[in-house]
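Student: sequence first, then the predicted structure:
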Amino acid sequence: MAELAYEETFDCVQCGYCLPACPTYLTMGKETHSPRGRINLVKMAAEGHISYSELEGPINLCLGCRACEVVCPTNVQYGKILESAKEVIQEDKKKRITKRAKLFQEFVFDKAIPNKKMLHTAGGGIALYQKSGLQKVARKTKALNILPENLRAFEKVLPNVEGLIERNKRGEHYPAELKPAFRIGFFTGCVMDTMFSSINTQSIKLLQRAGCDVTVIKEQTCCGALQNHSGETEITKKLAKENIRAFEKYEFDYIVNSIGGCGAQLVEYDKLFENDAEWADRAKRFAEKNVDISVILGQLRLEFEKEMNKVVTYQPSCHMSNVQKRVNEPLNLLKSIPGITYLELPNKDMCCGSAGIYNIVNYEESMDVLDEKMKHVGKVSPEMIVTTNPGCHLQMKLGVEKEGLSDRIEVVHIVELLAEACGVGK
Amino acid sequence: MNQERLAGLLKNIVVEEKRILTDKVDLYSYSFDASFGVHLPDIVVQPKQTNEVAAIMKLANEQAIPVYPRGQGTSLSGGPLPVNGGIVLDLSKWDEKLDVDHEDMVAVVSPGVLTADINDAALKFGLIYPPDPSSSNVSTIGGNLAENSGGPRGLKYGVTKDYVIGLEVVTPEGEIIRTGGRTVKNVTGYDLTKLIVGSEGTLGIITEATLRLFPKPQATKTMMAVFDDIVDSGRAITRILSSGILPSKLEIMDNGTIVAVEEYEPLGLPTDAEALLLIELDGHPVAIEDEIQRVETVCKESAARDVRVANTSEEAAELWRARKLVSPAIVREKPTKISEDATVPRSQIPAMFKRLREIREKFKVDLVVFGHAGDGNLHPNIIADKRDEEEMRRVEQAVEEIFEAAIELGGTLSGEHGIGTLKAPFMEMELGEVGLDMMKRIKESWDPNNILNPGKIFPKPGQRLVLTNG
């Protein structure tokens, strides 16, 4: 049975240094929605002063960006406390919800998201929707107005999805163009490989260009991040084991991804198996091999072919900075692109409000966080916002759209920008 | 009065309903600060206007409801704890006003403005707001004023009260008054400004403050001195300060702290040394170049075994890194940190070190010393586990003896953290019966119904120091 991380709450000395770093404390304006407040509530729930259902609101409204961990002077393991609370709440809820609802939830997390075919079909549907002109028609006829506001908002910012045929062309082995520097296993991710598969394709080409031997193994599955953030720890562990088993069979120097959020889950696989003698070491070895693409490309030499005369700013992915701890690598890579004028986004370390599926589940709260972010974007007025994670990418695009800046500000993944500068096609 | 009725009455006062918090999770979220204890309020209100505060105080005064003002809850002495229930006034959301007037060299601020933001705003005009409590990125100016906070720069620049020249205050009976003004010199009547500052929210609610700003020093210079005997380091401190040089910061780390930091992150610190001093000078670059050499000489004459002067700002940051890591380093073994701030006259610093060493041995507590040594504001910190009751009893006894030692050496219970709930039992020991009674009479004349932050500063009969959660 799941348990709250009660012991860990005692590491918090309640100094409050986390308050200014917390996006939801800023937008919701009360201690209840701060890291210190949430840790205290977990402690209060463990001691029986409040119920799990009372704990649920403040926990669900946490973005999980973990900016608080970076500023904490006593190294409180906030992520562990948060995940324990989510797991306990989820277990408690399952006791109460109907069997049908329970089956549906399990289906989504256990079957649908990790299932490539199912997602690809959905992705193909999006591509068809976009390419057939249906998107235009739908927008013109206002047929979209029947969708709830949160889904309608995202319809506008959907990327142009690679059709099924293009995506199915992807092979398995991409030899280095020169003598290989590293043997890379490429982690595609599931949402990424559906909505942004062209970024994966470009990532592979860039790695090849930089001298890596890249393999996309078919046995890989979903990283489990979204499930873990929803308290479905057992499903996450199951997926983690599948991935560990799959990649163990190969001799890769690194396992590389271009997805801030998935990357964060992958480097924390060891935390899932802390008390599991059989898996602890294997998970640790796997976690240590996983890196973001910026780390590899930063170590190697990329030949640029084109000056990108653009004024850009960078919105770091929280999970890239706070969990993967890759703060400088993406930024240095970005600055190395010829012709780039880089302007720092004030308060760039604050979450944009995307946070996995937070912006769909907690739409209004997410938009308040995004509004704060866009105030800062307004201060620098860039021509381009660079991101490193599909969630942030969509959210920033939505922010630009909401502010009516779509014709002035472009939102791109760092890989797209690098690909263009290196003359690597789609 | 029950919560529902109280909420109903407050809704007539506070413009936005969302600034009245009644949910159980909200009440628990305002039940604590950075000290000890959990106390549930009946309701939390987040005022953003002076007239809201005045109306709330009138209501509370009529109905005899306790009111507990609060900033961001970083207090180490229990200042904002709602020990008698009632209303918590969360003033941290009221942060709209931060006006710097560089001609008058003042900043006018609303109570919820963060302390560090005032300094940042002043820097744009080549000015600084000197008080720098280590929580300045989190703490509100309202809380700093109520507690009269200090910080490392206090040695040269003084503390919060030295920078406040005017206040707008709501009295416990709900009247609005202004004290002081915008001028440095002002002797019109009693100095109510200085009375309110440091009164820990027991005399009035500060709704606006006018603060003095200073010109920014042109340059800084940092050095580290290593000592085999902590008492020698104490002597070095008093000699530096009597040599005609006033450092902007003078911090100490004792052996326990040095070892903890080095184990936490190897920086190459001398783990066999009993103490090290970190000294920062600020001022004209040519002047401090000369002064740092003189400080170096004084340290060597006081038996320092090693002295390192930083040549670049990176080297300076490297030296300060050791001090920055103290907090995470010392709580690695056990989570509870009892941070005391008993303060002694500078000449008594070596004697206080001796007393602290004896206390550590007598009660077998994990006591480390670091902090603002230059102004006698040592921070003896005891590291414990608050779930271990036997250990906590020993800690309580050790803390009592630290207070006694400080007072015997001519010092004070608290240099900058405040009395709150924690140190109330020791007030008479320092002030005497009449001294404490005079303070009580001031409280009674300002707050006849004892509704503003009751339970703080003045001990209840028989009250003792308690560090376990009650």
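Tutor: On my side now, so go ahead.
Student: mind listing what's buried in stretch B:319-339?
Tutor: Going by neighbour count (16 or more other C-beta atoms under 10 Å in any protein chain shown), the buried part of stretch B:319-339 is B:319-320, B:322-323, B:325-331, B:334-339. Where C-beta positions appear, they are placed from N, C-alpha and C, glycine not excepted.
Student: do the same with stretch B:55-67
Tutor: For stretch B:55-67, the neighbour count (16+ other C-beta under 10 Å) marks B:55-61, B:65-67 as buried.
Student: looking at those residues, which two lie furthest apart in space?
Tutor: Greatest spatial distance in these: B:Ala55 and B:Pro66, 16.8 Å, computed using C-beta to C-beta.
Student: list the contacts for the residue of the stretch 201-350 of chain B found nearest chain A?
Tutor: Residue of the stretch 201-350 of chain B nearest chain A, by C-beta to the nearest C-beta: B:Ser327 (4.2 Å). Applying C-beta atoms under 8 Å, 6 or more residues apart in numbering or on different chains to B:Ser327 gives the contacts A:73-74, B:337.
Student: low-confidence stretches in chain A?
Tutor: A:98-102, A:104-108, A:111-152, A:161-171, A:178, A:426 (pLDDT under 70).
Student: just to revisit the earlier point, let me see the backbone angles for the residue of the stretch 201-350 of chain B closest to chain A.
Tutor: phi -60, psi -60 (degrees, to the nearest 10).
Student: hang on, the earlier thing: show me the buried residues of stretch B:319-339 that map onto helices.
Tutor: Among the buried residues of stretch B:319-339, the ones falling in helices (DSSP state H) are B:319-320, B:322-323, B:326-330.
Student: picking up where we left off before, which among the contacts of B:Ser327 gets closest to A:Met308?
Tutor: The shortest gap between A:Met308 and any of the contacts of B:Ser327 belongs to A:Pro73, at 40.2 Å (C-beta to C-beta).
Student: picking up where we left off before, can you lay out the ones in helices among the buried residues of stretch B:319-339 as CSV showing distance to B:Gly415 and pLDDT?
Tutor: Shown next, in CSV, are those (distance: C-beta to C-beta, whole Å; pLDDT from 0 to 100):
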residue, distance to B:Gly415, pLDDT
B:Leu319, 24, 90
B:Trp320, 21, 89
B:Ala322, 22, 89
B:Arg323, 18, 86
B:Val326, 18, 87
B:Ser327, 18, 80
B:Pro328, 23, 80
B:Ala329, 23, 86
B:Ile330, 19, 86
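Student: burial check on B:Asp437, number of neighbours?
Tutor: B:Asp437 sits with 12 neighbouring residues when counted by other C-beta atoms under 10 Å in any protein chain shown.
Student: one more: A:Lys95?
Tutor: Neighbours of A:Lys95 under the rule other C-beta under 10 Å: 8.
Student: return the distance of it relative to chain B.
Tutor: 21 Å (C-beta to the nearest C-beta, to the nearest Å).
Student: how far off centre is the strand or helix carrying that residue?
Tutor: Assigned by DSSP states H and E, A:Lys95 belongs to helix A:78-96. Its chain's C-alpha centre and that of helix A:78-96 lie 20 Å apart, by C-alpha atoms, centre = their mean, to the nearest Å.
Student: for it, buried residues please.
Tutor: A:78-79, A:81-93.
Student: which residues does B:Pro47 contact?
Tutor: B:Pro47 makes contact with B:14, B:19, B:53, B:56, B:89, B:91, B:94, according to C-beta under 8 Å, 6+ apart.
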